[in-house]
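# Predicted model and sequence below, questions to follow.
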Amino acid sequence: MAIKANATRQELTRLKARLNMAKRGHSLLKDKRDQLMKEFLAIVHESQRLRLELEEKLADAYGSFSLARAVLSPAVLEEALMVPGGAEEVSISYRNIMNVSVPEMEIVHAEEEKQDGVPSEFLPGYGLAVTSSDLDDAIEEFHGILPLLVRLSTVERTIHLLADEIEKTRRRVNALEYVLIPELEEAVKQIEMRLEEIERENVSRLMRIKDIVRAR
Amino acid sequence: MPKVAVLGQRDAVLGFKASGVVAFPADNPEEARKHLQEVLEGDYAILLITEEMAQILEKELEPLYSMPKPVVTILPDSEKPQGMGMELLRKRVERAVGADILFKREE
């Protein structure tokens, strides 16, 4: 699909301006793509590491939990876990990577813990009399995983967003590089050739007229 | 402040329940869908979901990946981890880079 344009000087200037713009956009987008890729690669390996760590820790936690479940009767366990332990809260802020807004999440510890200045120790919300210490261990393990989970969630979402943006940018770069820029160059060449042709026609016409005038 | 939610089979989410995560136990797909709706309506920053649940709710989860909140994170299963989370990561990398760079290196 070629660009159709009238062979005029005005059109030529317009096309050349467009070609210039396309080239500038192309190099900008290329830079953006490279930078995004750099960020992406840095974070991908972190994510992979975090996920492996999570799988290991979670397996341990599930193991401890099954141990607790084996010791306690289902009724007691159900009862103990009925009371929701104070739900941890998460703060979200957004960071900008090359115009992609990515979330940064962190666990916020409850207010009172901060005020006391005591390092927040996790207290389960169930009675200690009827439950075994296995349950405490399991719950503590689960609680210990939480920061890792939050970090992993942040990183994975960032990867997803960056991947989308990289794909989009790459498409644009390719569209410019392989479609728009060659087409524009082709059109500019065509017009230049046509203009030269018109110029030559003009010259030969003038010479012919001159001959006719002189012959009289 | 937003919270963290976990959605999965009863056995898988119980452990999280007492450790500061809001648990949504679901034993069948209908329940899971209902709970997912609840999570979407509530103020949750992160939705942890077990592999099995993620497979059941695949269609429902799809639009969530590009939403700002909640962030869906797949948990490995308690009994037989299938590496779904890794698989998802690999797919994303492949889409962005155009090649699988993550797992080639390890081989």
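Perfect, thanks for sending it.

# contacting residues around the closest residue to A:L184 other than its chain neighbours?
Spatial nearest neighbour of A:L184, chain neighbours left out: A:L19 (4.2 Å); criterion: C-beta to C-beta, 6 or more residues apart in numbering or on different chains. For glycine as for every other residue, the C-beta is placed from the backbone atoms N, C-alpha and C. The contact partners of A:L19, by C-beta atoms under 8 Å, 6 or more residues apart in numbering or on different chains, come to A:I181, A:L184, A:E185, A:V188.

# okay if I get the residues you listed as TSV plus neighbour count?
Shown next, in TSV, are the contacts of A:L19 (neighbours: other C-beta atoms under 10 Å in any protein chain shown):
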residue	neighbour count
A:I181	17
A:L184	22
A:E185	16
A:V188	18
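
# Among those, find me the one that's closest to chain B.
A:I181 (20.8 Å; C-beta to the nearest C-beta).

# Checking the closest residue to that closest one other than its chain neighbours next. Helix, strand or coil?
Using C-beta to C-beta, 6+ apart and skipping the chain neighbours, the partner closest in space to A:I181 is A:A22 (5.2 Å). Three-state assignment for A:A22 (DSSP: H, G, I helix; E, B strand; the rest coil): helix.

# gap between A:A22 and A:L29?
For A:A22, the distance to A:L29 equals 10 Å [C-beta to C-beta, to the nearest Å].

# between the two, what contacts are shared?
Joint contacts of A:A22 and A:L29 (C-beta under 8 Å, 6+ apart) are A:L176.

# one step back: give me the subset of the contacts of A:L19 lying in helices.
If you go by DSSP state H, these have A:I181, A:L184, A:E185, A:V188 in helices.

# Helices along chain A, start to end?
Using DSSP H, helices in chain A cover A:9-71, A:74-80, A:111-116, A:133-175, A:181-215.

# Any buried residues in stretch B:2-10, and which?
B:P2, B:K3, B:V4, B:A5, B:V6, B:L7, B:G8, B:Q9 (16 or more other C-beta atoms under 10 Å in any protein chain shown).

# Test for you: state the pLDDT assigned to B:V6.
B:V6 is assigned 85 on the pLDDT scale.

# How about the secondary structure of the nearest residue to it once chain neighbours are set aside?
Nearest non-adjacent residue to B:V6, counting by C-beta to C-beta, 6+ apart: B:L48, 4.2 Å away. Of the three states, B:L48 takes strand under three-state DSSP.

# Could you double-check that B:L48 sits in contact with A:L149?
Yes - B:L48 lies in contact with A:L149 (C-beta atoms under 8 Å); the separation is 6.5 Å.

# B:M53 and B:L7 touch, don't they?
Yes - with contact defined as C-beta under 8 Å, B:M53 counts as touching B:L7 (5.7 Å).

# Touching both of these two, which residues are there?
Taking C-beta under 8 Å, 6+ apart as the criterion, B:M53 and B:L7 both touch B:A26, B:A32.

# circling back: my guess is the residue nearest to A:I181 contacts A:L184. True?
Yes - contact criterion C-beta under 8 Å: A:A22 and A:L184 qualify, at 6.1 Å.

# Now for those two: what residues contact both?
Joint contacts of A:A22 and A:L184 (C-beta under 8 Å, 6+ apart) do not exist.

# List of residues touching stretch B:44-54?
By C-beta under 8 Å, 6+ apart, stretch B:44-54 touches A:90, A:92, A:105, A:149-150, A:153, B:2-9, B:12-13, B:16, B:21-22, B:26, B:32, B:39, B:57, B:61, B:64, B:69-78, B:81-82, B:84-85.

# do that again at 6 Å, thanks
Residues from elsewhere that reach stretch B:44-54, judged by C-beta atoms under 6 Å, 6 or more residues apart in numbering or on different chains: A:90, A:92, A:105, A:153, B:2-8, B:12, B:32, B:39, B:69-75, B:77, B:82, B:84.

# Just the ones of those in strands?
A:90, A:92, A:105, B:3-8, B:71-75 (DSSP state E).

# Which one of those residues is nearest to A:I145?
Comparing the ones in strands among the contacts of stretch B:44-54 against A:I145 with C-beta to C-beta places B:L75 closest, at 9.7 Å.

# Buried residues, stretch A:162-170. List them.
Applying 16+ other C-beta under 10 Å to stretch A:162-170 flags A:L162, A:A163, A:D164, A:E165, A:I166, A:E167, A:T169, A:R170 as buried.
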